[in-house]
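# Build me a structure from this.
(one chain, ligands or ions: 1)
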Amino acid sequence: MFVIHASPPVVQVNSNYLKLKAGYLFPEISRRVQAFSASNSNTDLIRLGIGDVTEPLPSACLEAMKAAIDEMGTSSGFHGYGPEQGYAWLREVIAKNDFQDNGCDVSAEEIFVSDGSKCDSSNILDILGEGNIIAVTDPVYPVYVDSNVMAGRTGKAGSSGQYSGLFYLPLSEENGFQAQLPEEHVDLIYLCFPNNPTGAVASKEQLKRWVDYAHQNHSLILFDAAYEAFIQDEELPHSIYEVDGARDCAIEFRSFSKKAGFTGTRCAFTVIPKTLKGKAANGDLVDLWSLWNRRQSTKFNGVSYIVQRGAEAIYSRQGKQQVRNLVSFYMENARIIRQQLHNAGLKVYGGEHAPYVWTSVPKGMNSWDFFDHLLEKANVVGTPGSGFGAAGEGYFRFSAFNTRENVEMAMQRIADI
Ligand SMILES: *Cc1c(COP(=O)(O)O)cnc(C)c1O
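Predicted structure coming up:
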């Protein structure tokens, strides 16, 4: 970024933004894809890169939204500003279906409906103090790191790309892509299961270790469950609140984006248990629910009535079936990707309870070399593991979000290289 010494002085910018690494992952992918396309005009590329869904919205959601639009055109059915926390009827079906029916103690009041987990998992820093020691995994969903950089919670990035002031928990083949508990004290821990980008999952015992650590260290876990709907094994936990004691140490983020094709429709929610406490500078205990409620009421005006009606329909009998079909469709894609990459001689991870397959790259190549190799030789676009953090070097992510035809063709082309 350019820093111009202006005279006379102009307004000050948030200098934390200047610490962000210039070559952010997805713009760099676009740059390479564009450069390749410009000199190879009639090749059709297959994109298994960015994690966006491809299948249409479930019809139950579509019908509910159409009906809501019609209501909005009548004087009796018109809705203006809704509650900032989300409509009670949506929060109640969420609390019942996603938590209470699975034995989790979460009430409708503890659910805050929003327009995305990306915003919630970044905005949560608004209510947390500056002195916290923050742990993230490496590789990681880049939003957790960049939002901390923007909020001034880190120092500068070093040559490896890691920021000073963040505590990195490396994920690797050796630890089965499960972060080890920090040996030192950390205050905030970002966890994401099923994981983006590695596709790894955590058992209840593994989550319990984090909850125990958080209790011993008075830490707060920020648990991202955006991919819970992709879990295939009934033994695996969908929510951190399936672990006893998590109500006192964890916030959970959920999203309808991947589960029900809402990436463009926008609806998600965050659970803040009323039992969660933090401490003020004077040592007084403060409940996080009240702070988040205040934050949302001040800075957010809720998700549209129409979209919340669409989200409610996810929990109808038809909606649940349609979501199951959607998830099965993508998971069959993931199975095909796993199988074919394995046949092509790559080591494959993930893709069994998550729509991402994580692979090691062939010997002698780094992640970006493999990206270029696939782009040029197979006309397939994936995501280099190093884009998710220094420890992602040597790995590569394939997304299962595409049509069956494209997935099969992409895998055929890779097999033919
Ligand atoms: C896609 C994704 C989300 C969902 O973000 P939205 O803003 O709700 O669309 C959250 N966390 C992770 C790790 C994701 O990959």
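
# Could you check how far Ser360 is from Gly345?
10 Å (Cβ to Cβ, to the nearest Å). Any C-beta I mention is one placed from the backbone N, CA and C, and that applies to glycine too.

# quick one, which of these two is more surrounded?
A count of neighbours by other Cβ atoms under 10 Å puts Ser360 above the other of Ser360 and Gly345, at 17 against 7.

# Need the nearest residue in space to that one, chain neighbours excluded.
Lys347 (4.4 Å; Cβ to Cβ, 6 or more residues apart in numbering).

# doesn't Val361 make contact with the one you found?
No. With contact defined as Cβ atoms under 8 Å, Lys347 does not reach Val361; the gap is 9.6 Å.

# where exactly do the helices run in the stretch 251-400 of the chain?
288-299, 305-312, 317-343, 367-378 (DSSP state H, counting those that start in this stretch).

# and the last one, what's its mean pLDDT?
Predicted confidence along helix 367-378 averages 97 (mean pLDDT).

# tell me which element the closest residue in space to Tyr315 that isn't next to it in sequence falls in.
Of all residues not flanking Tyr315 in the chain, Val93 sits nearest, at 4.4 Å (Cβ to Cβ, 6+ apart). Secondary structure assigned from DSSP states H and E places Val93 in helix 88-94.

# tell me how far that helix is from the chain's mean position?
Relative to its chain's centre, helix 88-94 lies at 22 Å (Cα atoms, centre = their mean, to the nearest Å).

# list the helices and strands that helix packs on?
Applying 3 or more Cβ pairs under 8 Å, 6 or more residues apart in numbering; DSSP states H and E, one finds that helix 88-94 contacts strand 111-114, helix 305-312.

# what mean pLDDT does it have?
Rounded mean pLDDT across helix 88-94 is 98.

# Give me the contact list for it.
85, 108-109, 111, 113, 269, 308, 311-312, 315 (Cβ atoms under 8 Å, 6 or more residues apart in numbering).

# And for stretch 236-247?
98-99, 102-106, 191, 201-204, 207-208, 211-212, 215, 221, 223, 225, 228-229, 231, 250, 252, 271, 273, 275-276, 353.

# give me the residue from this structure nearest the ligand.
Residue nearest to the ligand within the chain (Cβ to the nearest ligand atom): Gly116, separated by 2.8 Å.

# Neighbours of that residue, how many?
The tally of other residues near Gly116 (other Cβ under 10 Å) stands at 21.

# was I right about it contacting Phe253?
No. The pair Gly116 and Phe253 does not pass the contact test of Cβ under 8 Å, sitting 9.4 Å apart.

# Now the common contact residues for those two.
What both Gly116 and Phe253 touch, as defined by Cβ under 8 Å, 6+ apart, is the set Ala268.

# which other helices and strands contact the lowest-mean-pLDDT helix or strand in the chain?
Using mean pLDDT, DSSP states H and E, helix 25-39 stands out as the lowest-scoring helix or strand of the chain, at a mean of 91. Counting contacts by 3+ Cβ pairs under 8 Å, 6+ apart, helix 25-39 packs against helix 367-378, strand 383-384.

# angle of the longest one against helix 25-39?
Put plainly, it is helix 367-378. Orientation of helix 367-378 against helix 25-39 (axes from the mean of the first three to the mean of the last three Cα atoms, to 10 degrees) gives an angle of 30 degrees.

# burial measure for the closest residue to Val113 other than its chain neighbours, as a count.
Here the nearest residue to Val113 in space, its sequence neighbours aside, is Gly86; by Cβ to Cβ, 6+ apart that works out to 2.6 Å. By other Cβ under 10 Å, the residues close to Gly86 number 22.

# Wait, Gly86 touches Ala108, no?
No. Gly86 is beyond contact range of Ala108, at 9.2 Å (criterion: Cβ under 8 Å).

# Those residues of the stretch 151-300 of the chain touching the ligand, which are they?
192, 196, 224, 226, 255, 257-258, 263, 268 (Cβ under 6 Å from any ligand atom).

# related to what we said a few turns ago, quick one: residues contacting the residue nearest to Ser360.
Counted by Cβ under 8 Å, 6+ apart, Lys347 has contacts 173, 359-360.

# Point out the least confident one among those.
Glu173 (93).

# do you know how far it is from Tyr349?
According to Cβ to Cβ, Glu173 and Tyr349 sit 8 Å apart.

# ranking the helices of the stretch 251-400 of the chain by burial, who's on top?
helix 305-312 (a mean of 24; mean count of other Cβ atoms under 10 Å).

# And that one, what does it pack against?
Applying 3+ Cβ pairs under 8 Å, 6+ apart, we find helix 305-312 packed against helix 59-72, helix 88-94.

# ok, and for the first one, which residues are buried?
Using 16 or more other Cβ atoms under 10 Å as the test for burial, helix 59-72 gives 60-61, 63-65, 68.

# for stretch 37-51, same thing?
For stretch 37-51, by 16+ other Cβ under 10 Å, it's 45-49, 51.
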